[in-house]
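Novice: Requesting a structural model of the entry that follows:
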Amino acid sequence: MLVLVSVGLLSACSGADPGAAPEPPLLCKASPDCAPAPETPLCDQVRGECVALPPGAPIGVKDGSPSSVALALVHEQDRQREPTDLDFNPERPEELWVVNRQDDSVIIVTRPGAPDSASIRLRDPAAAHFMDRPPAIDFGDAGTFGVCGDNDNGGNDFMGPTLFSSDLAVFAKSTPDGLGSHLDMLHSSPFCKGIAHEAGNVYWVFNGHDLALDRYDFAHDHGPGNDDHADGAILRYAAGEVLGTDDAPSHVFYRAEDRHLYVADTGHGRLLKLDTASGTPGASFDGQEPVRARKHVDGATLTELVPPGTLEAPSGIEVHEGIVYATDHATSRFYAFDLTGRLVRTLDTGLPA
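Specialist: So this is what the prediction gives:
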């Protein structure tokens, strides 16, 4: 597991009079000289002046070649586990959680990269169903996280996203009925490729079976190891419009600021955004469990943010400070786009595809 090391994002607040003359730029020979000016932390060595970070700076500020950044090892595990996604625990920010597709486990790395870093591997007793081949993880409401399974549950398609507790006194512990520690699960998205938290107990998933984007509302969880799913609701958007692959996750990211779901449409080689506030409820569709609602949403606006041709197999996607970051599974490259889809920066990691 690697972390990209480059110039960090810094922010500052100023109490200066907005009508006052601007301060002259701080002169520099290297970026450490710019430390007294947090709003301009980067040294432009040609001009000899401290400047603001450019758009896309989290993936580097130089020419985007492999030598323009450093990759630091923060954890090394058995590669046969096939780690597919990671997320920091917002309640304990020193914890990095990593899901592994080959053995249905979670690795929790504490203080990644620090000299005293430590890790533990946890596997739920019922992971063979509730965390079977997880492609993604996303932390949600306080003390919970969501995962889903990239499989069809042995051929019966009874698969979908699962809600878990991040409390280590609960997660991966046995329960009386043998259903593991899961808090809730709904079952209308076989071959899930990605998951994103919206709010409360609401999650979005990339449904690789129905080639759709599904919105799940778990409502009230049923507690560890129980199985009452009747209060759940599922809405299906853009059926037939997206395509996953067997080789890589197709991650999704929900941006609350514009209520759009950003999508790595891996099989079609493009990035999309779904206006989740658009569309109207339509016909119901069949399922294998009683739930509160299970409907298509008709007429939702799905926009091609980055058309085919720039990325070969987009997989990772994240939006940060108005920049859409994506990774290409086929080339091991990072890309940064603005919210209109304009390319602003790339990084060739030099890693094998």
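
Novice: quick one: the closest residue to Pro161 other than its chain neighbours from Ile317, how far?
Specialist: Spatially, and ignoring its direct neighbours in sequence, Pro161 is nearest to Cys148 (4.2 Å; C-beta to C-beta, 6 or more residues apart in numbering). Just so you know, the C-beta spots here come from the backbone N, C-alpha and C atoms, and that holds for glycine as well. Distance from Cys148 to Ile317, counting by C-beta to C-beta, to the nearest Å: 16 Å.

Novice: Name the residue in the two with the higher neighbour count.
Specialist: Just comparing Cys148 and Ile317: by other C-beta atoms under 10 Å the higher neighbour count belongs to Cys148, 34 against 26.

Novice: still on that earlier bit, pretty sure the residue nearest to Pro161 is in contact with Gly160, am I right?
Specialist: Yes - using C-beta atoms under 8 Å, Cys148 is in contact with Gly160, at 6.4 Å.

Novice: Please identify every residue contacting each of these two.
Specialist: Overlap of the contact sets of Cys148 and Gly160 (by C-beta atoms under 8 Å, 6 or more residues apart in numbering) consists of Ser189, Cys192, Val205.

Novice: Just the buried ones from these, in PyMOL syntax?
Specialist: Applying 16 or more other C-beta atoms under 10 Å to the shared contacts of Cys148 and Gly160, the buried members can be selected in PyMOL as follows:
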select buried, resi 189+192+205
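
Novice: Among the shared contacts of Cys148 and Gly160, which one sits closest to Arg81?
Specialist: Distance ranking of the shared contacts of Cys148 and Gly160 against Arg81, using C-beta to C-beta, places Cys192 first at 18.7 Å.

Novice: got the phi/psi numbers for Asp72?
Specialist: Careful, residue 72 is Ala; it's not Asp. With angles defined as degrees, to the nearest 10, Ala72 sits at phi -110, psi 130.

Novice: What about it, how many residues nearby?
Specialist: Neighbour count for Ala72, taken as other C-beta under 10 Å: 12.

Novice: could you pull out the strands for the stretch 151-300 of the chain?
Specialist: 162-165, 184-185, 192-199, 202-207, 212-217, 233-237, 252-255, 260-265, 270-275, 280-284, 293-298 (DSSP state E, counting those that start in this stretch).

Novice: What ranges in the stretch 101-250 of the chain fall below the confidence cut-off?
Specialist: For the stretch 101-250 of the chain, no stretch is flagged by pLDDT under 70.

Novice: dump the residue contacts of Arg133.
Specialist: Counting by C-beta under 8 Å, 6+ apart, Arg133 makes contact with Arg101, Gln102, Asp104, Gly149, Asp150, Asn151.

Novice: Counting neighbours, which of those residues comes out on top?
Specialist: Result: Gly149 is most packed of those (other C-beta under 10 Å), 27 neighbours.

Novice: got the contact list for that one?
Specialist: Counting by C-beta under 8 Å, 6+ apart, Gly149 makes contact with His129, Phe130, Met131, Asp132, Arg133, Pro134, Met159, Gly160, Thr162, Pro190, Cys192.

Novice: Among those residues, which ones are in helices?
Specialist: His129, Phe130 (DSSP state H).

Novice: Tabulate the contacts of Gly149 (a markdown table), appending distance to Leu27.
Specialist: As requested, the contacts of Gly149 are exported to a markdown table (distance: C-beta to C-beta, whole Å):
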| residue | distance to Leu27 |
| --- | --- |
| His129 | 62 |
| Phe130 | 58 |
| Met131 | 54 |
| Asp132 | 58 |
| Arg133 | 55 |
| Pro134 | 51 |
| Met159 | 60 |
| Gly160 | 58 |
| Thr162 | 55 |
| Pro190 | 60 |
| Cys192 | 53 |
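
Novice: The contacts of Gly149, buried ones only, as a PyMOL selection?
Specialist: Listed next is the PyMOL selection for buried residues among the contacts of Gly149, using 16+ other C-beta under 10 Å:
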select buried, resi 129+130+131+132+133+134+159+160+162+190+192
